[in-house]
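> Sharing a model that was predicted from the sequence below.
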Amino acid sequence: QVQLVESGGGLVQAGGSLRLSCVVSGHPFAVGAMDWFRQIQGKERELVGAINEGGSTNYADSVKGRFTISRDNAKNTIYLQMASLKPEDTAAYYCNARIKADSNSGWELFWGRGTQVTVNS
């Protein structure tokens, strides 16, 4: 069964760094583009950035120059390196992935359950 699991969240001081990981487990047939989203309590989930199979990325303006997404296709894992963190980056961070579970299935969007990042001022 395909699952996405995020890790690496925690409490950090403003100006600090964290690296989040998102692992796709369950031996999927193919993993396509993946995204990082975040959700501040009481607000809608927002896109942080995305990475395609080839490693091309794009980012929300609010994190450009501070956050970096990378990908290890051999491990079915993406990372979100966050630097110069601000209190307004405090949120639950989620990853998603377009996945083909087997050779006969179509592309399906899977989500992880999230990891909390809290930035103290």
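Alright, I've got the coordinates. Residues are numbered from 1 along each chain as shown.
> First residue to last residue on stretch 10-22, what's the distance there?
Its start and end residues considered, stretch 10-22 measures 15 Å (C-alpha to C-alpha, to the nearest Å).
> Averaged pLDDT, stretch 23-34. What do you get?
Averaging pLDDT along stretch 23-34 gives 95.
> Distance from the chain centre to that stretch, please.
13 Å (C-alpha atoms, centre = their mean, to the nearest Å).
> now stretch 110-121
Distance of stretch 110-121 from the chain centroid (C-alpha atoms, centre = their mean) equals 9 Å.
> next one: stretch 50-58
Distance of stretch 50-58 from the chain centroid (C-alpha atoms, centre = their mean) equals 12 Å.
> same check, this time on stretch 32-51
With C-alpha atoms, centre = their mean, you get 7 Å for stretch 32-51.
> what does it contact?
20, 22, 52-53, 57-60, 63, 67, 69-71, 78, 80, 89-100, 107, 114, 117 (C-beta atoms under 8 Å, 6 or more residues apart in numbering). (Glycine included, C-beta is placed from N, CA and C.)
> same deal with stretch 85-95?
4, 6, 9, 12, 14-18, 20, 22, 34-41, 45, 48, 62-63, 66, 78, 80, 82, 111-121.
> Mind checking which of those are buried?
4, 6, 9, 12, 18, 20, 22, 34-38, 48, 63, 78, 80, 82, 112, 114-115, 117, 119 (16 or more other C-beta atoms under 10 Å).
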